[in-house]
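[1] What shape does this take:
(2 chains)
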Amino acid sequence: MSLFPPEQGTRRSSGTLWGLVAAAAFAWVVGYLLNGQFWDRVVFDVLGLDPESRFGEAVRFFVYDTTKILLLLGGIIFIVTVLRSFVTIERTRALLGGRREGIGNVAAAGLGVVTPFCSCSAVPAFIGFVAAGVPLGVTLSFLIASPMVNEVAVILILGMFGWKVAALYVVFGLLVAIGAGYVLGRLRLERWVEPFVFETRLRGELVEPSTDMPWEDRLALGWQEVKSIVGRIWPYLLVGIGIGAIIHGWAPEDLFASLAGAGNPFAVPIAVILGIPLYSSAAGVIPLVQALSDKGVALGTALAFMMAVVALSLPEMILLRRVLKPKLLATFVGVVGTGILAVGYLFNAII
Amino acid sequence: MKIEVLGTGCKNCNALEAATQQAVEQLGMDVPIDKVTDYGEIVAYGVMSTPALAIDGEVKTVGRVPSVRELADLLARAAT
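    Below you'll find the model as predicted:
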């Protein structure tokens, strides 16, 4: 399994290394292109299931989609991680240091997408940004955009809904991050930040993790990240696609049309509220949402639900409580939630 | 020598502590590993992505869990 073992005694020559990358890329493309045909063969010819039957259709949906999503996850996480190894959060902070609100929010949202960032670092990053003079609203734009437009969510939406919905998700996710950060900045809520944040003094100089890594290390980093993310989310993914397959096969076409179609004004807020506690299972939730949207849940409602799942997570709120007083935390959830609601209603109205 | 693991108890922070412990044992050193878990303290070191490793107050690695080999290397160099 281990293409690029990090603890290997001897270094590979760069020729062998790039040969491996080329071979893996070729295998990936072949696998992706033949995925549909391969499973058609296996499910309908070898196993002899009827393509017209519900069971046959559900099995085919499950194996085909699981393979497709795993391939997309593996390929895109690898590329994204390698590219991100050129960016560090310390550089991002330096870029945001002198920015005013407005343009600063736009820059922060954009940098939130490209900066390698784990939500477990949300608190040190928050303190570091604010202590370095990055305005509160700009810092919050960063903290909203980073999980909202994260690669796993975007890949899943790309795989399940196609590139158009994925593009809409990215664009409107960024707009929510920019808008919510700007509004929170204008509200002048610094008094609701825990005081120790402003008292934190940076002693010594800022540590810049080495960005002049050799390519071998960057590629190894990409491979490790693929293993770590896929290793963590695959059970959720299988359950989500499994339930999705059952809905695809058995649920009537318009099951949710009356309940959560564009006509029901309460569908969007309910979707947002339901999304907050579902964080860790984003990988399972998105395939499920795709199946639901096939059965009549309006696209805006589905988008709002996915944004709430990814951007407003209970564990992150608990972490941020260390630096934000409850009032600010509540305002944060309120403003971001309102932004997501607006996106949901907008889409239900225009699509 | 003073070895500090900067992190707030996330999975990778524990992994870094364990790997550092291994490296220390490999080198046959007898140095305790201190954990810095206070957010303000961590940021004061100039660190924003955890976990990080500081040897004698100087931050050596940030935001990742290096291999035991690399850690042993860092420790050996700092010891001389």
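
[2] Number of residues surrounding residue A:266?
    Using other Cβ atoms under 10 Å in any protein chain shown, residue A:266 has 9 neighbouring residues. C-beta coordinates here come from the backbone N, C-alpha and C atoms, glycine included.

[3] For it, what are phi and psi?
    Residue A:266 adopts backbone torsions of phi -90, psi -10, taken as degrees, to the nearest 10.

[4] who touches it in this structure?
    Going by Cβ atoms under 8 Å, 6 or more residues apart in numbering or on different chains, residue A:266 touches no other residue.

[5] Quick check: the gap between it and residue A:169.
    22 Å (Cβ to Cβ, to the nearest Å).

[6] do the same with residue B:39
    Residue B:39 is 32 Å from residue A:169, by Cβ to Cβ.

[7] Kindly report the same for residue A:54.
    Using Cβ to Cβ, one obtains 30 Å as the distance from residue A:54 to residue A:169.

[8] Looking at the two, which has the bigger crowd around it?
    residue A:169 (22 against 12).

[9] Just the pLDDT for residue 14.
    No chain in the question, so chain A it is. If you check residue A:14, the pLDDT there is 73.

[10] ah, no, chain B please
    pLDDT at residue B:14 comes out at 87.

[11] Excluding covalently adjacent residues, which one is nearest to it?
    Of all residues not flanking residue B:14 in the chain, residue B:7 sits nearest, at 8.0 Å (Cβ to Cβ, 6 or more residues apart in numbering or on different chains).

[12] Number of residues surrounding the one you found?
    25.

[13] list the contacts for it?
    Applying Cβ under 8 Å, 6+ apart, we find residue B:7 in contact with B:13, B:14, B:16, B:17, B:35, B:36, B:37, B:42, B:50, B:51, B:52.

[14] Over to it: give its phi and psi.
    Dihedral pair for residue B:7: phi 180, psi 160, per degrees, to the nearest 10.

[15] What helices and strands are in contact with the longest helix along chain B?
    For chain B, the helix with the greatest residue count under DSSP state H is helix B:11-26. Here helix B:11-26 touches strand B:3-6, strand B:33-36, helix B:68-79, going by 3 or more Cβ pairs under 8 Å, 6 or more residues apart in numbering or on different chains; DSSP states H and E.

[16] looking at these, which is closest to chain A?
    Among those, the nearest to chain A by Cβ to the nearest Cβ is helix B:68-79 (5.9 Å).

[17] and the closest one, which residues are buried?
    B:68, B:69, B:70, B:71, B:72, B:74, B:75 (16 or more other Cβ atoms under 10 Å in any protein chain shown).

[18] shouldn't the fifth one be in contact with residue B:27?
    What that stands for is residue B:72. Yes. Using Cβ atoms under 8 Å, residue B:72 is in contact with residue B:27, at 5.7 Å.

[19] the bottom helix or strand of chain A by mean pLDDT?
    The weakest-scoring helix or strand in chain A, judged by mean pLDDT, DSSP states H and E, is helix A:257-260 (a mean of 72).
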